[in-house]
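Participant: Can you look at this prediction? I've put the sequence above it.
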Amino acid sequence: MKKHIIVSGDRPTGPLHIGHYIGSLQNRVKLQEEGHTLYIMLADVQALTDNAQNPEKIRENIVQVALDYLAIGINPAKSTIFIQSMIPALPELTIYFLNLVTINRLSRNPTVKTEIQQKKFGESIPAGFFMYPVSQAADIAGFKADLVPVGEDQLPMIEQTNEIVRSFNRFYGPVLVEAKPMIPPMARLPGTDGQAKMSKSLNNAIFLSDSSDQVAKKVRSMYTDPGHVRVADPGKVEGNPVFAYLDVFDPDKTAVTQLKEHYQRGGLADTIVKGRLLEVLEAFLTPIRLRRQEYAANMDYVIDVILQGSHHAATVADTTLQQAKQAMKLDYHRMKK
Ligand code: TRP
């Protein structure tokens, strides 16, 4: 089997939720267990591109997100967890990569376009935010990753990375590697309110770190079919996030099919379906909570994991940087014969 090099990561601006888990965390654990080489990035530099005035938020979330990674089963003996800002090769690669992409190309990135609207930047788009896909290209190419587990909103970033990699190799020689995205079958989990996307800022997320009580409260107030007024009424399964979650988290597919049929026929109360969902979510979250508690009891160890991971990642990315600089004729230490 071909061993892949894998880079993935998240902006540490809040705790990770079950949407992150379905989008890419699950695939990371799977790839780790298959023996591939994983680099998992706490993307604080990217987080700063739209949080320049809020460094405290990132500082607080770095350790929380690291705990999320450990809690879902990322094993520091197998995978490298690291902090983006501790890898000096990445911003240096970014500067060189910026010459290989046009302003026009950057302004067409659909994910960045959507974010610019969501964040209401108007005419005041930070330049760092605008060009973060180039920085992300450095994150990926800096490790010569050939596989990137992500949610579907990240596809434009992989495309941009590969365009830069191809330009680089064409101009300077074959140093960098193109990457393939790895997208799960259900790349996007709706929010508890039925909106298409789960996110902390939309206040519709179930976090991996939520307590049983918090999860129960969120499930109880979940959006369902607004036309399902009386228990006897037929209900809609499409656009109903309770069933979307059951599809993903309930291991008993036959039971889910039966629940759906009953709901559509009428006579099945939302409270019953939600009860089932709560059971299923608790079964999923309980081992994650337990592992989190174990690690959280030894925070010095957790901090060592990310500092040592960062040290290792820095050497790996520096090797790529030196090869890139040699290809770009920037290896001046070799000038003297
Ligand atoms: N853009 C990603 C997000 O918003 C985070 C990220 C930064 C990332 N660098 C990466 C993901 C490299 C995969 C690979 O979630």
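Facilitator: Structure's in. What do you need? Residues are numbered from 1 along each chain as shown.
Participant: drop to CA atoms for contacts and neighbour counts, all remaining ones
Facilitator: Will do.
Participant: Spit out the contact partners of whichever residue of the stretch 151-300 of the chain sits closest to the ligand.
Facilitator: As assessed by CA to the nearest ligand atom, the ligand sits closest to Q154 within the stretch 151-300 of the chain, at 6.4 Å. The neighbours of Q154, taking CA atoms under 8 Å, 6 or more residues apart in numbering as the test, are T111.
Participant: That one belongs to a strand?
Facilitator: No - secondary structure of Q154 (DSSP: H, G, I helix; E, B strand; the rest coil): helix, not part of a strand.
Participant: Name the residues of the protein found near the ligand, please.
Facilitator: Proximity of the chain to the ligand is confined to 7-11, 43, 136, 139-140 under the rule CA under 6 Å from any ligand atom.
Participant: Neighbour-wise, give me the winner out of those.
Facilitator: I140 (30 neighbours; other CA atoms under 10 Å).
Participant: got the residue ranges for the strands in this structure?
Facilitator: Per DSSP state E, the chain carries strands over the ranges 5-10, 37-42, 80-83, 147-149, 180-182.
Participant: any chance of those strands in CSV, with mean pLDDT and distance to N54 too?
Facilitator: As requested, the strands of the chain are exported to CSV (pLDDT from 0 to 100; distance: least, CA to CA, whole Å):
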stretch, mean pLDDT, distance to N54
strand 5-10, 97, 17
strand 37-42, 98, 16
strand 80-83, 98, 17
strand 147-149, 97, 28
strand 180-182, 96, 31
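Participant: Tell me which of those strands lies nearest to L290.
Facilitator: Across the strands of the chain, L290 has its closest neighbour in strand 80-83 (20.1 Å, CA to CA).
Participant: just checking, what packs against the closest one?
Facilitator: strand 37-42, helix 299-327 (3 or more CA pairs under 8 Å, 6 or more residues apart in numbering; DSSP states H and E).
Participant: Identify the bridge partners of P181.
Facilitator: V148 (DSSP bridges).
Participant: That one: neighbour count?
Facilitator: 19.
Participant: How about F171?
Facilitator: Every residue meeting other CA under 10 Å relative to F171 is counted, giving 11.
Participant: residues touching the spatially closest residue to T13 that is not a sequence neighbour, list them.
Facilitator: Nearest non-adjacent residue to T13, counting by CA to CA, 6 or more residues apart in numbering: I58, 5.5 Å away. Neighbouring residues of I58 by CA under 8 Å, 6+ apart: 12-13, 44, 47-48.
Participant: and if we set it to 10 Å?
Facilitator: 11-14, 42-45, 47-48, 51-52, 64-65 (CA atoms under 10 Å, 6 or more residues apart in numbering).
Participant: Please report the distance of it from T80.
Facilitator: Distance of I58 to T80, given as CA to CA, to the nearest Å: 20 Å.
Participant: What confidence value was assigned to the residue nearest to L321 when sequence neighbours are not counted?
Facilitator: Nearest residue to L321, sequence neighbours excluded (CA to CA, 6+ apart): A89, at 6.0 Å. You'll see A89 listed with a pLDDT of 98.
Participant: let's have the chain start at 26 instead
Facilitator: Yep, numbering from 26; the last one is A114 now.
Participant: how much space between A114 and the ligand?
Facilitator: 14 Å (CA to the nearest ligand atom, to the nearest Å).
Participant: For that residue, grab the count of nearby residues.
Facilitator: A114: 23 neighbours (other CA under 10 Å).
Participant: again with M207
Facilitator: Around M207 there are 18 residues (other CA under 10 Å).
Participant: check contacts around the closest residue in space to I108 that isn't next to it in sequence.
Facilitator: Spatial nearest neighbour of I108, chain neighbours left out: L67 (4.8 Å); criterion: CA to CA, 6+ apart. When contacts are counted by CA under 10 Å, 6+ apart, L67 touches 33-38, 83, 86-88, 90-91, 94, 106-110, 331, 335.
Participant: Counting neighbours, what do you get for the nearest residue to R290 once chain neighbours are set aside?
Facilitator: Nearest in space to R290, with sequence neighbours left out and distances taken as CA to CA, 6+ apart, is P259 at 5.0 Å. P259 has 19 neighbours, counted by other CA under 10 Å.
Participant: How about the contacts made by P259?
Facilitator: 250, 252-253, 286-293.
Participant: farthest-separated two in those?
Facilitator: Maximum distance among these (CA to CA): 16.3 Å, for G252 and E286.
Participant: of the two, who's got more company?
Facilitator: E286 (16 against 10).
Participant: that older thread, for K225, find the nearest of the helices and strands packed on strand 105-108.
Facilitator: strand 62-67 (17.1 Å).
Participant: relative to strand 30-35, how tilted is that closest one?
Facilitator: Put simply, strand 62-67 runs at 20 degrees to strand 30-35, going by axes from the mean of the first three to the mean of the last three CA atoms, to 10 degrees.
Participant: For the stretch 26-175 of the chain, which residue gets nearest to the ligand?
Facilitator: For the stretch 26-175 of the chain, CA to the nearest ligand atom, closest residue to the ligand: S33, 3.7 Å.
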